[in-house]
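A predicted structure for the sequence below; I have some questions about it.
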Amino acid sequence: MRIGFMGTSVFAVPALKKLLEAQEHEVVYILTQPDRPKGRGKKIQFPPIKETAQAYGREVLQPLRIRDSETVAMLTALPVDVIVVASYGQIIPQPILAYPRYGCVNIHGSLLPEYRGAAPIQRAIMDGKTQTGVTIMYMDVGLDTGDMILRTTMNIGEDENHGELESRMAELGAEELFKVLCLIEQNQAPRIPQNEEEATYAARLDRSEEKICWEDSAEKIHCQIRALAPEPGAYTLWEGKRLKLLASHLLTKEGDGVPGKVLALTTQGFAVQTGCGILEIQTIQKEGKNRIPAPHFTRGVKNWTGTVLGI
C-alpha cells in the first residue's frame with residue numbers, strides 16, 4: 001500500500017523504521033512537527049522523526065499548522081491508501097482524515113478508551129497502573145475517539161519509568177501496525193466502537209506536578225518519579241536548589257515519621273521517609289550537573305543521613 005506517515009516523538013520512530021524497511025509498502029511522504037529550540041541554550045533541534053527519516057535518506061514535510069488550507073491542499077494532492085499517525089502532536093482536520101482510500105490509523109499508547117489524550121503513558125504510571133497497552137484505531141475528528149482495530153496488553157514493571165515503558169510500547173506498536181495494515185489491505189480490519197462510559201483523559205503534564213511532596217505516600221512519590229523520568233524529572237529542594245530524583249524503589253508502603261528525612265544510606269542510594277512508607281532514591285541530578293547514581297552523590301555530602309529534603 002501507499003502510505004503517508006505522520007509522527008514526531010521517539011514513540012513514532014520504530015513504526016517509521018519498520019515501514020521504510022518493508023518491501024510490501026511504499027512510504028509516500030513523512031510529515032512531522034517543525035524544528036524547535038530546546039535546552040538552556042535554545043539550540044534548534046530536529047524532531048526524532050526527522051532525524052530518522054534523514055538517516056534513511058528521506059526528506060520530511062514540516063508544516064507549522066496542519067490545518068492551514070495550503071497544507072491540506074498539498075497533502076490531499078498526494079495519493080495514499082492509508083495514513084499512519086503516531087505521536088504527531090496536532091489535531092488532524094477532517095479533509096485529511098477523509099481522503100485516503102482506507103482512512104487514517106493511529107498508534108496510541110494506552111488501552112482505549114482509557115487515557116485518551118496527550119500523556120497516556122505518563123498518566124498510567126503516575127496512577128500506579130500495573131498494566132497498559134497499545135491500541136491501533138481508525139481516526140475521526142474526536143480526540144482518540146475512533147473505532148478500535150486492535151488492542152494489545154502489556155505489563156508495567158514495578159520500577160519501570162516513562163522512557164523505558166515508552167520504548168517497549170513503541171516497538172510493540174510497530175509490530176502490531178503491520179498486523180493491522182495486513183487486515184486493512186484484505187478488507188478484514190474490524191471496527192470496534194469505544195465505550196464512552198469507560199473513557200478517561202490523559203492531560204498533558206503540568207510543571208507543578210514535578211515537585212515532590214514528601215507528605216504523600218512512598219507509593220505515590222515512586223509513581224511520580226517514574227512517570228517523569230528521564231525527562232523532565234521530579235524534583236525536591238535541598239539547600240535552596242532543585243535536586244532531581246530520577247530513579248527510585250519502593251522499600252515499604254507503611255510506617256510514618258518526618259516526611260522527607262533521609263533515614264539511611266543503602267547500596268543503591270539512600271532511604272527517605274515519606275508520609276506513609278519509605279522510598280529508596282537511586283539516581284539524582286543536581287542543578288546544572290549530569291545525572292549520577294545516588295551513592296556517588298552521597299559520598300560527597302557530609303552528614304547526609306538525617307537531612308530533611310523539601311525545605
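Okay, I see it. Residues are numbered from 1 along each chain as shown.

first-to-last residue distance for stretch 46-64?
The first and final residues of stretch 46-64 sit 14 Å from each other (CA to CA, to the nearest Å).

pull the residues that contact it.
Here stretch 46-64 makes contact (CB atoms under 8 Å, 6 or more residues apart in numbering) with 7-10, 12-13, 16-17, 20, 27, 29-36, 70-71, 74-75. C-beta: built from backbone N, CA, C; applies to glycine.

number of nearby residues for Gly300?
Residues contacting Gly300 under the criterion other CB atoms under 10 Å number 8.

measure it to Ile292 for me?
10 Å (CB to CB, to the nearest Å).

swap in Arg65?
Between Arg65 and Ile292 the distance, using CB to CB, works out to 41 Å.

repeat for Val84
If you go by CB to CB, the gap between Val84 and Ile292 works out to 39 Å.

give me the more crowded residue out of the two.
Ranked by neighbour count (other CB under 10 Å), Val84 and Ile292 place Val84 first, with 27 against 14.

report all helices and strands that whatever helix or strand the more buried one lives in contacts.
In this assignment (DSSP states H and E), Val84 forms part of strand 82-86. Packed against strand 82-86, as judged by 3 or more CB pairs under 8 Å, 6 or more residues apart in numbering; DSSP states H and E, are the following elements: strand 2-7, helix 13-21, strand 104-108, helix 162-185.

one more time with 7 Å, if that's ok
With contacts defined as 3 or more CB pairs under 7 Å, 6 or more residues apart in numbering; DSSP states H and E, the secondary structure elements packing on strand 82-86 are strand 2-7, strand 104-108, helix 162-185.

alpha carbons of it, in CSV - could you do that?
The C-alpha coordinates for strand 82-86 follow below in CSV (Å, rounded to 0.1, in the frame of the first residue of the first chain):
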residue,chain,number,x,y,z
VAL,A,82,-3.8,5.0,4.3
ILE,A,83,-2.2,7.5,6.7
VAL,A,84,-0.4,6.1,9.7
VAL,A,85,-0.2,8.5,12.7
ALA,A,86,1.9,8.0,15.8
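
what are the buried residues along the helix or strand that comes right after that strand?
Using DSSP H and E, the helix or strand that follows strand 82-86 towards the C-terminus is helix 94-98. The neighbour-count check on helix 94-98 (16 or more other CB atoms under 10 Å) flags 96-97 as buried.

pLDDT of helix 94-98, averaged?
Helix 94-98 carries an average pLDDT of 96.

likewise stretch 57-65?
96.

end to end on it, go ahead and measure it.
Terminal residues of stretch 57-65 lie 25 Å apart, using CA to CA.

could you turn the buried ones of the contacts of stretch 46-64 into a ChimeraX selection?
Selecting only the buried entries of the contacts of stretch 46-64 in ChimeraX, with 16+ other CB under 10 Å as the criterion:
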select :7,8,9,10,12,13,16,17,20,27,29,30,31,32,33,71,75
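
partner strands of the strand ranked longest in the chain, with direction?
Longest strand of the chain, by residue count under DSSP state E: strand 241-252. Strand 241-252 has the following strand partners under DSSP bridges: strand 234-238 (antiparallel), strand 278-286 (antiparallel).

CA atoms only for the first one, dumped as CSV, please.
In CSV, the C-alpha atoms belonging to strand 234-238 read as follows (Å, rounded to 0.1, in the frame of the first residue of the first chain):
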residue,chain,number,x,y,z
ALA,A,234,10.6,15.0,39.6
TYR,A,235,12.5,17.3,42.0
THR,A,236,12.8,18.2,45.7
LEU,A,237,14.5,21.1,47.3
TRP,A,238,17.9,20.8,49.0
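
make TSV from the helices and strands packed on strand 82-86 and add distance to Ile49 and mean pLDDT to it.
Formatted as TSV, the entries for the helices and strands packed on strand 82-86 read as follows, by distance: least, CB to CB, whole Å; pLDDT from 0 to 100:
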stretch	distance to Ile49	mean pLDDT
strand 2-7	5	98
strand 104-108	13	98
helix 162-185	12	97
